[in-house]
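Asks: Quick one, structure for this:
(one chain, ligands or ions: 2)
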Amino acid sequence: MSATQLATPPPSVLRMAEGGIHFDGVRAVDGVTLEVRSGEVLGLIGPNGSGKTSTLNLLSGMLRATSGSIHLDDHDLTRLSMRRRTRFGVVRTFQSGRVFGRLTIAENVEAAALGGGLRRREARQLTADILAELGLEDVAHQQADALTAGRIRITAIARALASRPRFLLLDEPAAGQNESEAIALITAIREFAQRRGCGVLLVEHDMSVVMGTCDRLHVLDSGRTVTEGEPALVRRDPKVIEIYFGKRHDHDAER
Ligand SMILES: Nc1ncnc2c1ncn2[C@@H]1O[C@H](COP(=O)(O)OP(=O)(O)OP(=O)(O)O)[C@@H](O)[C@H]1O
Ligand SMILES: [Mg+2]
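Replies: Ligands and ions are numbered 1, 2, ... in the order given. Model prediction:
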């Protein structure tokens, strides 16, 4: 069986409408509307503290929205726990990466595939495909405990992919990697998503990493949407130039 023989689910949309959350008066997310579609990578970018992680947490169910709504097609997820959203196929990974240290990388990924309901033979094949796609073949039979933090983080992403999510939410998956490693990892995730009809929300702060790897960009600043669109257009938007480069120049001028 090859990857393409696994059934592709019908197209779906994960949508947040006017979503908001505040912490002790800080409006971390303030009326944001965005949607992620099957098979695309939506890059969520913005300066530090602009509300990217909080937006991802609202979609995953880690945080409950204080305003607005979250839907997967016609299903209202707004009040559902993270666990119940996972059953709808909305899956997030964690920064630290959650893996079984005593198992090998291949066993870790296969366990996630089996947990997602595949039979052993299908789970093995999917595991082999994912390990090849994410460049983990050379460490497939090493115990997870023995690997670097970066490899463990990629293994956690491989496990998330093996659970065959409909929507995958990634918070800075390439943190700690250099630009070319980051681009290679995100490109591999994107190809996986396109082939299997999975939608990806990718939080990433580095503009040069998202430029060539995301289908669309959604830009946040102070918890609000600045703009959204094709990467090449977004990068030229004067409002984006201002928040990405203008403020930094102001800080420099103040020093
Ligand atoms: N649990 C919390 N309690 C209080 N304030 C919080 C909490 N989580 C986030 N905030 C605040 O909400 C705002 C948005 O934070 P968030 O982590 O979503 O931003 P971010 O864009 O992911 O930032 P970074 O680029 O640094 O990861 C910030 O002002 C932050 O201090
Ligand atoms: Mg963050």
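
Asks: Roughly how far does D74 sit from ligand 2?
Replies: 30 Å (C-beta to the ion, to the nearest Å). Any C-beta I mention is one placed from the backbone N, CA and C, and that applies to glycine too.

Asks: Look up the pLDDT of that residue for me, please.
Replies: Looking at D74, its pLDDT stands at 95.

Asks: In the stretch 51-200 of the chain, what residue lies closest to ligand 2?
Replies: The minimum distance from the stretch 51-200 of the chain to ligand 2, using C-beta to the ion, falls at T53 (3.1 Å).

Asks: and that residue, how many neighbours does it have?
Replies: 18 (other C-beta atoms under 10 Å).

Asks: now it: how far from D171?
Replies: The spacing between T53 and D171, counted by C-beta to C-beta, to the nearest Å, is 6 Å.

Asks: what residues are shared contacts of those two?
Replies: Counting by C-beta atoms under 8 Å, 6 or more residues apart in numbering, the contacts common to T53 and D171 are V203.

Asks: circling back to that earlier point, now do the contacts for the residue of the stretch 51-200 of the chain closest to ligand 2.
Replies: T53 neighbours (C-beta under 8 Å, 6+ apart): 171, 203.

Asks: isn't there a strand covering it?
Replies: No. Counting by DSSP: H, G, I helix; E, B strand; the rest coil, T53 is not found in a strand; it is helix.

Asks: What is the burial count for S69?
Replies: Neighbours of S69 (other C-beta under 10 Å): 15.

Asks: and it, bridged to which residues?
Replies: As for beta bridges, S69 partners with A17 under DSSP bridges.

Asks: which residues touch it?
Replies: 16-19, 76, 78.

Asks: List buried residues within those.
Replies: 16-17, 19, 78 (16 or more other C-beta atoms under 10 Å).

Asks: could you dump the residues you listed to TSV with distance to ligand 1 and pLDDT?
Replies: Formatted as TSV, these follow (distance: C-beta to the nearest ligand atom, whole Å; pLDDT from 0 to 100):
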residue	distance to ligand 1	pLDDT
M16	14	98
A17	18	98
G19	12	98
T78	18	97
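
Asks: Secondary structure element holding the residue of the stretch 151-255 of the chain found nearest ligand 1?
Replies: Nearest residue of the stretch 151-255 of the chain to ligand 1 (C-beta to the nearest ligand atom) works out as H205 at 5.3 Å. Following DSSP states H and E, one finds H205 outside all helices and strands.

Asks: Count residues in the vicinity of it, would you?
Replies: 16.

Asks: mind listing what it touches?
Replies: 45-48, 52, 172.

Asks: Which PyMOL command selects the buried ones in these?
Replies: To isolate the buried subset of the contacts of H205 in PyMOL, counting by 16+ other C-beta under 10 Å, use the following:
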select buried, resi 45+46+47+52+172
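
Asks: what kind of secondary structure is the residue nearest to the spatial centre of the chain in?
Replies: By C-alpha atoms, centre = their mean, the chain has its centre lying nearest to L170, at 2.2 Å. Classification of L170 by three-state DSSP places it in strand.

Asks: just the one 10 residues further on next, same as before
Replies: For S180, the secondary structure call by three-state DSSP comes out as helix.

Asks: Give me the residues contacting whichever strand or helix holds A111.
Replies: In this structure, A111 sits in helix 105-115 according to DSSP H and E. Residues outside helix 105-115 that contact it (C-beta under 8 Å, 6+ apart): 99-100, 103, 120, 122-124, 126-127, 130-131, 136, 139-142, 144, 147, 151, 155, 158-160, 162-164.

Asks: Now with 7 Å, please.
Replies: If you take C-beta atoms under 7 Å, 6 or more residues apart in numbering as the criterion, helix 105-115 is touched by 99-100, 103, 120, 123-124, 126-127, 130-131, 136, 139-142, 144, 155, 158-159, 162-163.
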